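# Provided below are the primary sequence and the corresponding predicted coordinates.
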Amino acid sequence: MGRVDLLGYALPAFVLLMVVEWISYRRDPDRSDNTSAGRDTAANLATFTLGRLVKPFMHYLLPFSAVLVAAAVTPLHLSPKSWWVWALGLVVTDFCYYWAHRADHRVRLLWTAHSVHHSSEYFNLSTALRLPWLHPVATMVRGLAWVPAALIGLPPWMIFLLQTIGLLYQFPIHTQRVGTLGRPIEFLFNTPAHHRIHHGSNQPYIDKNYGGIFIIWDRMFGSFAAESEPIRYGLTKNIATHNPLRVNFHELAGLIGDVRNAETWRGRIGYVFGPPGWTEKATDSEPEPLAVRPEAVRVADPTAVA
């Protein structure tokens with residue numbers, strides 16, 4: 001069963017959950033202003049639909065997979081017939097996702113794609129479908145994060161399947177209708193409470209809670225944050241558009257513009273591979289966190305996305 005099959009089975013459940021959430025919001029007189037908006041939800045769904053339509057082209061744009069190469073050269077081969085291989089695979093692929101997701105926020109090339117997912121000023125289940133499409137270079141670079149999973153002997157198809165399961169897990173945590181769960185669950189797993197913080201664009205929430213299924217990685221590597229003040233969703237400088245094309249490519253256009261206007265090769269390389277707040281004129285100062293940089297969220301619109 002591949003990624004497309006899983007998504008096909010999941011889509012009816014996604015639609016049902018979004019309808020239930022919408023009814024729940026409508027019946028709540030105390031709902032906050034950042035729960036949903038019709039045009040924003042339409043933009044989320046349109047962005048997702050366009051992504052599904054162009055997905056077949058990605059098979060031709062991405063003929064090379066580092067995961068497949070790593071699986072071909074490694075001397076280790078784990079059998080999917082053993083239950084512990086599946087358990088190990090779930091943990092390992094989620095660990096790889098954590099570092100891929102962290103890189104999404106700390107490498108501007110990857111942020112050009114992932115910023116799509118974070119560009120909504122609202123937070124609801126439809127936000128989970130606000131995902132980037134036709135970012136082949138970022139996709140190929142990001143795929144390197146799962147090479148260790150292949151090198152330890154996990155079959156590539158299992159890696160892709162478990163990665164998809166991890167993404168499906170994250171759909172229902174894009175909601176404000178669920179508060180906090182039991183303490184053991186909140187400690188170990190990614191939950192709506194944790195993921196709301198990840199989508200926050202105000203300090204101290206920026207670049208926090210990268211986990212996919214498990215939040216324990218954030219606790220281990222110093223990127224965990226609990227809610228301490230009201231959350232403001234979106235980017236620190238929002239893109240002010242519901243056009244799916246602009247939603248998908250606004251940050252890529254900004255990166256291209258910065259590279260074109262760079263004065264040195266150091267500047268050009270820095271704008272592509274440096275952290276999103278990096279500028280070639282900032283020599284002695286630390287780069288700003290990802291969502292605080294002006295370039296990361298400016299409306300250079302000519303699309304992600306945890």
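Noted; the coordinates are in hand. Owing to the predicted nature of the structure, the values given are computational and were not obtained by experimental measurement. Numbering: from 1, shown residues only.

# Just the buried positions in stretch 195-213, please.
Using 16 or more other C-beta atoms under 10 Å as the test for burial, stretch 195-213 gives 195-201, 205-213. C-beta coordinates here come from the backbone N, C-alpha and C atoms, glycine included.

# Could you work out the most separated pair of those?
Within those, 201 and 213 form the most distant pair, 24.0 Å apart (C-beta to C-beta).

# Give me the neighbour count for residue 81.
Counted by other C-beta atoms under 10 Å, the residues lying close to residue 81 total 7.

# Could you grab the helix/strand/coil label for it?
Secondary structure of residue 81, reduced to three states by DSSP: H, G, I helix; E, B strand; the rest coil: coil.

# Need the per-residue pLDDT for it.
Looking at residue 81, its pLDDT is 96.

# Quick one: low-confidence residue ranges for the protein.
Along the chain, segments meeting pLDDT under 70 span 1-5, 7-8, 56-64, 282-306.

# Quick one: residues in contact with stretch 157-168.
1-3, 6-7, 10, 67, 80, 85-86, 89-90, 93-94, 97, 146, 149-150, 212-213 (C-beta atoms under 8 Å, 6 or more residues apart in numbering).

# Buried ones in it, by neighbour count?
158, 159, 160, 161, 162, 163, 164, 165, 166, 167, 168.

# Distance check, the residue lying farthest from the centre of the chain against residue 152.
In the chain, the greatest distance from the average C-alpha position (C-alpha atoms, centre = their mean) is reached by residue 75, at 31.9 Å. In this structure, residue 75 and residue 152 are 11 Å apart, going by C-beta to C-beta, to the nearest Å.

# among the buried residues of stretch 195-213, which are in helices?
Among these, the members found in helices (DSSP state H) are 195, 196, 197, 198.

# The last one and residue 72: what is the separation?
Plainly put, residue 198 is 35 Å away from residue 72 if you go by C-beta to C-beta.

# And residue 125, by the same measure?
Residue 125 is 39 Å from residue 72, where distance means C-beta to C-beta.

# Looking at these two, which has the bigger crowd around it?
Between residue 125 and residue 72, counting by other C-beta under 10 Å, residue 125 is the more crowded of the two (24 against 9).

# who's in contact with that one?
Residues in contact with residue 125 (C-beta under 8 Å, 6+ apart) are 14, 17, 18, 21, 171, 172, 174, 175.

# Export stretch 252-266 to PDB, keeping only CA atoms.
Taking Å, rounded to 0.1, in the frame of the first residue of the first chain, the C-alpha atoms of stretch 252-266 are listed here in PDB:
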ATOM      1  CA  LEU A 252      10.700  31.100  -3.400                       C
ATOM      2  CA  ALA A 253      10.200  34.400  -5.200                       C
ATOM      3  CA  GLY A 254      11.700  36.200  -2.200                       C
ATOM      4  CA  LEU A 255      14.800  33.900  -2.200                       C
ATOM      5  CA  ILE A 256      15.300  34.300  -5.900                       C
ATOM      6  CA  GLY A 257      15.100  38.100  -5.500                       C
ATOM      7  CA  ASP A 258      17.700  38.100  -2.700                       C
ATOM      8  CA  VAL A 259      20.100  35.900  -4.600                       C
ATOM      9  CA  ARG A 260      19.700  38.100  -7.700                       C
ATOM     10  CA  ASN A 261      20.500  41.200  -5.700                       C
ATOM     11  CA  ALA A 262      23.300  39.700  -3.600                       C
ATOM     12  CA  GLU A 263      26.700  41.400  -4.000                       C
ATOM     13  CA  THR A 264      28.900  38.500  -3.300                       C
ATOM     14  CA  TRP A 265      29.000  34.700  -3.800                       C
ATOM     15  CA  ARG A 266      29.000  34.500   0.000                       C
END
